[in-house]
Each structure stands twice: as structure tokens, then as C-alpha cells.
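Visitor: below is the sequence, then the predicted model.
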Amino acid sequence: MKYRSEIDGLRALAVVPVILFHAGYEFFSGGFIGVDVFFVISGYLITSLLVEDIENKRFSILHFYERRVRRILPALFFIMFICIPFAWMWMLPSQMLDFSQSLIAVSLFVSNILFWRESGYFDAHNEEKPLLHTWSLAVEEQFYILFPILIILAWRFGKNRVFWMIILMAAISLMLTEWGWRNKPVPNFYLAPSRAWELFAGAIVAFIVQKRGVQKNNSMALLGLGAILFSIFFYDKTIPFPSLYTIIPVIGVVFMLMYADKGTLVAKLLSNKVIVGIGLISYSAYLWHQPLLAFARIKYSGEPSKTLIASLVVGSIVLAYFSWRYIEKPFRSKNKIKSNRIWTFSLISLIIFIMFGFIGVKENGYALQRYDEDFISKRDIGFMRSKRYSELGNPNVKPEWILLGDSHADSLQEAFSQLLNKYNESALVSTKAGCPPSLNLWRHDMDFKMECHDNSMGAIDTIKKEGIKNALISARFALYINSSRFDNTVGGIEKGPTDAVIFDHIDFKDSLREKSARAHAIEEEIVNYVGTLANEGINIFIFTSIPEFGWKVPSRLLNMQKTSIPRIAFDERSKSLKSLYNRLSKIKNVVLLRTEGFFCSKTECFSTIDDKPLFYDSNHPSKLGAEKLLEYFEPSLMRQKKQQKF
């Protein structure tokens with residue numbers, strides 16, 4: 001296939017915006033479309049090679065896969081190896097657990113499926129996943145595995161029918177995409193079926209160009225370039241993606257592939273030596289940028305300085321040159337690396353990564369191998385799981401308690417179980433991460449409204465059925481009522497959705513989008529639910545909102561950075577909660593347990609004790625934190641229980 005320097009220029013146009021977008025430069029708010037540009041280019045190049053080889057009767061599936069292995073795996077594996085020691089040094093156990101899983105998934109070409117199962121692409125904590133960007137490689141790898149087989153099987157029906165078959169599959173994939181962003185946005189983003197039409201768009205261009213050649217049309221080429229630039233600078237993460245909106249950058253690439261022949265203004269621009277040079281190293285640049293940015297964010301427990309971010313952006317390009325020069329190029333050459341060696345290298349590397357990842361999962365992120373046992377606990381190493389109707393305390397006595405709430409309640413389980421054992425008591429658990437104590441509230445960014453409703457309704461049924469006498473409730477009320485993330489005023493700003501629309505009522509109207517109206521409606525729901533529980537005649541103990549810190553406490557502690565926050569920041573955050581607490585305290589048999597009494601002095605709120613973290617992230621109590629908190633409130637909790645028994 002004839003080399004087209006403008007395609008390398010187009011690769012540069014794809015990779016630079018992606019890097020700048022992930023670096024946090026708001027001007028490149030649509031930089032993520034660079035991945036879509038890569039998809040179209042890949043579809044075009046792979047199909048061009050396939051058609052050329054098939055028509056010249058020299059196609060070999062093994063040869064095709066070997067070329068893909070040479071192109072993709074050496075640089076990828078090298079960077080994965082580089083990531084491991086930094087992950088070992090800087091990652092918390094829960095992060096290392098996720099990283100271990102990603103090593104396995106990348107090795108098996110299914111990282112897009114893993115990241116789909118974990119969260120949405122634009123979720124804030126994804127910024128700290130060094131291998132997140134490999135989801136797009138997985139989509140391409142899945143295409144590389146299946147598409148050649150499909151083409152070979154279909155070729156017997158004739159080239160023209162293969163062409164129309166690809167058009168049909170592209171149309172079906174596009175329709176699936178449009179349905180997907182409305183109904184299943186996260187899998188729609190990550191999975192190959194809803195991305196296939198972008199690769200097929202490139203494949204369609206390959207058939208057209210092979211028949212007619214690249215046309216010289218300045219206007220169409222400029223229109224294509226304009227479509228891509230428009231998407232880069234005017235799209236942002238609020239745009240449904242992929243969707244019909246994705247057609248704009250995809251058509252832009254299609255026009256450039258079809259009409260940017262030598263001599264056009266666009267071809268001349270993209271054939272500039274510097275731009276082509278960046279395009280040549282674009283794969284390595286793409287591989288390098290995410291680990292660099294992610295590990296910096298892990299190391300500094302948040303967003304690094306602008307100077308460091310800029311240095312890492314430049315560094316990804318510099319490192320890309322060296323990995324292209326000394327890894328990509330040699331491994332692509334059959335003269336330097338023989339076929340048997342490339343397959344042996346790949347197999348051994350895969351085994352190493354899978355084994356390291358498997359052990360990492362089994363050993364809970366290598367927690368005990370890297371940290372003192374007193375520093376961590378199960379609760380801190382990624383095993384926080386929302387539970388329903390499990391038992392805490394002494395399993396041989398009838399439960400008189402129920403633990404209710406969201407992930408804040410869930411983080412109390414182990415410590416609460418120890419306290420109950422001390423008093424020969426037991427409790428049932430009905431918690432659900434992201435679900436406020438209410439019947440009609442849920443986190444719309446977590447997409448499980450009915451699970452929240454069913455969990456809360458089930459708790460009421462359980463109280464009636466089991467004769468429960470006491471309920472302990474803990475929930476992140478500060479997030480619910482404020483509908484915004486926490487800024488501790490001293491540099492720690494919690495990552496996550498920054499708009500006010502974090503929690504939705506099942507029947508919320510547009511009038512409730514205004515912040516104060518939303519806060520009142522959310523408050524009303526919580527109060528009504530607690531009132532419903534109180535009507536069952538039980539004692540209800542409610543922790544006020546546990547202090548938030550804005551940064552990951554264990555990471556700050558390990559890096560010997562300040563972990564406490566000004567008390568005034570906590571008080572300011574809590575102002576909006578006064579009405580809620582006042583109304584809850586007036587409900588019969590409700591006791592409010594003021595958490596600031598334990599965590600805060602008059603001037604500061606503390607997140608450590610004896611140089612050990614009381615939190616396993618920015619707001620969830622660690623095992624130690626939960627133990628100390630319950631120990632502090634033990635007289636209030638157990639005195640009420642004993643009075644009730646007499």
C-alpha cells in the first residue's frame with residue numbers, strides 16, 4: 001500500500017488533543033475525539049492491507065496477526081513493565097487491586113470490558129488509572145482478530161457484496177450506538193459493537209479509495225479538517241458519546257482520507273515534517289501519556305501543579321520518541337526480530353502480566369506485602385461491598401439492630417460487628433453504596449435507582465418482619481444536600497461531577513433543578529424516610545455527615561503531607577445541613593450522633609490518629625476510623641439499648 005504522509009499528520013492531529021484533554025486543558029474539551037480519529041484511520045489502513053493481500057492472493061491470517069503483534073505489543077508491554085514499580089511504590093491497596101485487574105484485562109485484550117464494568121470513562125477517579133487508555137486498544141484488537149476472518153469468509157460472495165455488507169454492519173452499529181447512549185451509556189462508550197461503525201467507516205473509505213484513488217479536492221479536505229477541529233474545541237464530556245454527534249469527526253476523517261491528495265492545502269499542512277514526526281510516534285505518545293499523568297495524580301493525591309502537568313505532556317512526547325526509536329522500529333523489522341522470537345516474547349510477557357495481576361488480585365493489591373498491617377484493613381483494600389441482610393455481631397442471637405445507609409454505613413460494618421459482639425448482640429445490614437436513606441433518591445451517575453428504592457423498602461419490611469428494635473444510620477448527607485463535591489479550601493478538591501445534578505428524585509421536575517429547591521426536596525425525602533422507620537417504634541441513631549477531606553488521606557500520609565483541614569471548611573459545608581438535622585432531631589426516638597465531636601477540634605478536623613489514617617479515601621472511615629468513631633459513641637449507643645431492654 002502506498003505511503004501517505006498526511007495520514008501520519010492526521011495521527012498527530014488525533015494524539016495531541018487526546019493528551020491535552022487528559023492533562024486537563026479545558027481549551028481542548030473535545031480532545032477525546034482523537035480516539036475516534038484513530039479508529040477511522042485503523043479501519044482504513046487495515047482494510048486496505050487486507051483487500052490488497054486478498055486480491056494478490058498472498059493473504060495469510062498468521063502473517064496478518066504477526067504484523068499486528070509487532071505493531072502493538074512490544075511498546076505496550078514495555079510501558080506496562082515500567083508501570084509496575086511505580087504502582088508498587090505509590091498505589092494504595094485498592095488502587096493496586098484495580099491495577100492488577102487491568103494488567104490481566106490488557107493482556108487478554110478485554111480492558112474495555114473491565115473498565116466498562118468498573119465505571120464511566122469521565123468519572124474523576126479514572127484519572128488515576130494508568131492503563132485506562134488501553135480500552136481503545138482493546139476495541140481495535142478485537143476488530144483485528146475478528147474482521148479479517150469475516151472478510152475472508154465473505155469474500156467468496158464477491159468484493160462488491162463485501163463492501164455493501166460492511167455498510168450494513170456500519171449502519172446497524174450506528175443505530176446501536178444511538179440507542180446505547182440513551183439507555184446504556186457506559187457500555188456504549190467502551191464496547192466494540194457501538195464503536196464498530198467508526199472502524200467500518202474507515203473500511204468503507206478503503207474500498208472507495210482502492211477503486212477510485214485519493215481525490216484532490218481542497219474544499220472537501222478543508223471541510224474534513226474543520227469538522228475535526230470543531231469537535232476538538234467545541235465538544236465536551238457532556239456530549240453523548242459515541243452518538244450521532246460522533247459522525248462529525250468521523251466524517252471529517254473520511255473526507256480527509258478521500259480528498260486530501262498530494263497538492264491540497266490540507267495534505268501540505270499535515271505533511272509538515274514536525275507534524276509527521278509526531279504522527280510517527282503517536283502510538284507511543286498515546287501509550288505514555290496516561291501512565292505519566294495518572295501516577296503524578298496518585299503521587300500528589302490530587303491534581304499536580306500546572307508546571308508539572310505541562311512537563312509530563314512534553315515528557316510523553318520525548319519518551320515516545322525513544323520507545324518508537326528503540327522498541328517499535330526494531331520489533332517491526334523481521335530482519336532484526338525473527339518471527340519465532342516475537343511470538344515467544346509476546347507469550348512470556350503475557351504470562352508474566354497475567355500472573356502478576358492474578359496474584360495482585362488474590363493478595364488484595366499486595367497490601368500486606370507493601371504496608372504495615374496496622375496501616376490497612378480489609379475495608380481499606382477494595383473490599384467495601386454494599387450488603388443486604390447479612391449479619392454482624394453474634395450470629396447465635398436474634399438480631400435487634402439494623403445498619404442502614406450508603407457506603408458510609410457500609411464502612412462501619414466490621415467495627416460495628418466488634419461492638420455488637422462485645423454486648424452479645426447482632427445486627428442485620430441493609431446498605432447500598434450511592435443510595436441515600438430514602439425511598440426516592442439515587443445517584444443518577446451510578447444508574448441504579450430501583451436498586452436504591454428496593455433496598456430502602458426492603459429495610460422497612462425487614463424491620464417489621466424481624467422485630468428490629470434499633471437502627472444505626474450513616475450516610476453522606478453533605479454531598480446529598482449540597483449536590484456538589486467538597487473543597488477543603490487548602491488545596492484539596494474532591495474529584496467527581498462538579499455540577500449540582502448529582503442526585504435525582506424519581507419525580508423531580510425541572511423546577512427542582514435549582515439548587516435550593518433540590519436541597520429542600522432531598523431533605524424532605526430523607527426526613528420522610530426516617531419518619532417512616534420511626535413509626536415502627538424503633539430507636540434510630542443517626543451519624544451526622546462524617547467530615548470530608550477533599551484529598552485521599554492515606555496517600556497524603558504516605559507522602560508526609562498535611563492531612564487535616566480547617567474546621568471552618570467543615571462548618572461552611574455543614575451550614576446547609578442545619579435544617580435537616582433540626583427536623584430529624586424532632587422525630588420521636590431519633591438520636592443524632594454529632595461526628596464533629598470526634599473528628600474536629602475548634603480549629604481543625606483530623607483524619608489521622610497516631611500517624612494512622614482514619615479514612616481510606618477522602619471521606620470513608622477506615623477500619624481504624626470506624627472503630628474509634630464507634631468507641632467514642634459507644635456510651636450513647638449501648639446505654640439506649642440497655643434502657644430499652646429494661
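Guide: Done, it's in.
Visitor: show the pLDDT at residue 443.
Guide: Note on residue 443: pLDDT of 69.
Visitor: hang on, residue 259 packs against residue 225?
Guide: No: in this structure, residue 259 is not within contact of residue 225 by C-beta atoms under 8 Å, at 10.3 Å. Bear in mind the C-beta positions are built from the backbone N, C-alpha and C, glycine included.
Visitor: quick one, helices of the stretch 151-300 of the chain?
Guide: In the stretch 151-300 of the chain, the helices defined using DSSP state H, counting those that start in this stretch lie at 159-183, 185-190, 192-212, 218-234, 247-259, 265-270, 273-280, 282-299.
Visitor: average pLDDT for the longest one?
Guide: Read that as helix 159-183. Here the average pLDDT along helix 159-183 is 95.
Visitor: now do it and helix 247-259, the angle between them.
Guide: Counting by axes from the mean of the first three to the mean of the last three C-alpha atoms, to 10 degrees, helix 159-183 lies at 160 degrees to helix 247-259.
Visitor: just checking, what packs against helix 159-183?
Guide: The contact analysis (3 or more C-beta pairs under 8 Å, 6 or more residues apart in numbering; DSSP states H and E) places helix 159-183 against helix 134-154, helix 185-190, helix 192-212.
Visitor: same thing with the fifth one?
Guide: For helix 247-259, the contact count by 3+ C-beta pairs under 8 Å, 6+ apart identifies helix 5-22, helix 34-55, helix 192-212, helix 218-234 as packing neighbours.
Visitor: dump that helix to PDB, keeping only the CA atoms.
Guide: Extracted as PDB, the C-alpha positions of helix 247-259 are listed here (Å, rounded to 0.1, in the frame of the first residue of the first chain):
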ATOM      1  CA  ILE A 247     -20.500  11.500  12.900                       C
ATOM      2  CA  ILE A 248     -19.000  15.000  12.600                       C
ATOM      3  CA  PRO A 249     -15.300  14.000  13.500                       C
ATOM      4  CA  VAL A 250     -15.700  10.600  11.700                       C
ATOM      5  CA  ILE A 251     -16.900  12.300   8.500                       C
ATOM      6  CA  GLY A 252     -14.100  14.700   8.900                       C
ATOM      7  CA  VAL A 253     -11.600  11.900   8.800                       C
ATOM      8  CA  VAL A 254     -13.400  10.200   6.000                       C
ATOM      9  CA  PHE A 255     -13.200  13.400   3.900                       C
ATOM     10  CA  MET A 256      -9.500  13.900   4.600                       C
ATOM     11  CA  LEU A 257      -8.800  10.300   3.700                       C
ATOM     12  CA  MET A 258     -10.700  10.600   0.400                       C
ATOM     13  CA  TYR A 259      -9.900  14.100  -0.700                       C
END
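Visitor: and residue 541, bridged to which residues?
Guide: Per DSSP bridges, residues listed as beta-bridge partners of residue 541: residue 472, residue 591.
Visitor: dump the residue contacts of it.
Guide: By C-beta atoms under 8 Å, 6 or more residues apart in numbering, the contact set of residue 541 is 470-473, 591, 593, 633, 636-637, 640.
Visitor: before we move on, what about residue 536?
Guide: 460, 463-464, 468.
Visitor: for residue 562, see how far away residue 486 is.
Guide: 16 Å (C-beta to C-beta, to the nearest Å).
Visitor: now residue 542
Guide: 31 Å.
Visitor: looking at these two, which is more packed in?
Guide: Neighbours were tallied for residue 542 and for residue 562 using other C-beta atoms under 10 Å; the higher tally belongs to residue 542 (24 against 12).
Visitor: hang on, isn't that one packed against residue 587?
Guide: No: in this structure, residue 542 is not within contact of residue 587 by C-beta under 8 Å, at 9.5 Å.
Visitor: re earlier: biggest separation within the contacts of residue 536, which pair?
Guide: 460 and 468 (10.0 Å; C-beta to C-beta).
Visitor: of those two, which one has the most company?
Guide: residue 468 (22 against 17).
Visitor: so what's the residue nearest to the more buried one when sequence neighbours are not counted up against?
Guide: Nearest non-adjacent residue to residue 468, counting by C-beta to C-beta, 6 or more residues apart in numbering: residue 402, 4.9 Å away. Neighbour list for residue 402: 427-430, 459, 462-463, 468, 470-472 [criterion: C-beta under 8 Å, 6+ apart].
Visitor: what about residue 337, how many neighbours?
Guide: Around residue 337 there are 15 residues (other C-beta under 10 Å).
Visitor: isn't there a strand covering it?
Guide: No: applying DSSP: H, G, I helix; E, B strand; the rest coil, one finds residue 337 to be coil, outside a strand.
Visitor: dump the residue contacts of it.
Guide: Contacts of residue 337 (C-beta under 8 Å, 6+ apart): 70, 330-331, 345.
Visitor: filter these to the buried ones?
Guide: The neighbour count (16 or more other C-beta atoms under 10 Å) marks 70, 331, 345 as buried among the contacts of residue 337.
Visitor: quick one: least confident helix or strand in the protein?
Guide: One helix or strand of the chain scores below all others by mean pLDDT, DSSP states H and E: strand 503-505, with a mean of 58.
Visitor: got any ranges where the stretch 301-450 of the chain has weak pLDDT?
Guide: Residues of the stretch 301-450 of the chain that meet the criterion pLDDT under 70 lie in 372-390, 443-449.
Visitor: any idea how many residues pack against residue 469?
Guide: Residues lying near residue 469 (other C-beta under 10 Å) number 17.
Visitor: any idea how far residue 334 is from residue 271?
Guide: On the measure of C-beta to C-beta, residue 271 and residue 334 end up 28 Å apart.
Visitor: now for the contacts of residue 337: which two are most distant?
Guide: Of all pairs drawn from these, the widest gap by C-beta to C-beta lies between 330 and 345 and measures 11.5 Å.
Visitor: before we move on, the earlier item: so of the contacts of residue 536, which ones are in helices?
Guide: 460, 463-464 (DSSP state H).
Visitor: got those as a markdown table, with distance to residue 100 and pLDDT columns?
Guide: Formatted as a markdown table, the ones in helices among the contacts of residue 536 follow (distance: C-beta to C-beta, whole Å; pLDDT from 0 to 100):
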| residue | distance to residue 100 | pLDDT |
| --- | --- | --- |
| 460 | 40 | 93 |
| 463 | 40 | 93 |
| 464 | 43 | 92 |
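Visitor: with adjacent residues omitted, what lies nearest to the most centrally placed residue in the chain?
Guide: The residue lying closest to the centre of the chain (C-alpha atoms, centre = their mean) is residue 126, at 3.7 Å. If the residues on either side of it in the chain are set aside, residue 126 comes closest to residue 132, at 5.3 Å by C-beta to C-beta, 6+ apart.
Visitor: three-state assignment of that neighbour?
Guide: Following three-state DSSP, the label given to residue 132 is coil.
Visitor: wait, what's in contact with it?
Guide: Applying C-beta under 8 Å, 6+ apart, the residues contacting residue 132 are 102, 115, 121, 126, 290, 294.
Visitor: shaky segments in the stretch 1-150 of the chain?
Guide: 119-124.
Visitor: go again with 90.
Guide: 1-4, 26, 90-95, 117-128 (pLDDT under 90).
Visitor: quick one, what contacts the residue lying closest to residue 614 once chain neighbours are set aside?
Guide: Nearest non-adjacent residue to residue 614, counting by C-beta to C-beta, 6+ apart: residue 625, 3.4 Å away. By C-beta under 8 Å, 6+ apart, the contact list for residue 625 reads 411, 613-616.
Visitor: now do 10 Å
Guide: 377, 379-380, 411-412, 415, 546, 553, 598-599, 607-609, 612-616 (C-beta atoms under 10 Å, 6 or more residues apart in numbering).
Visitor: give me the buried subset of the residues you listed.
Guide: 377, 379-380, 411-412, 415, 546, 553, 598-599, 607-608, 612-616.
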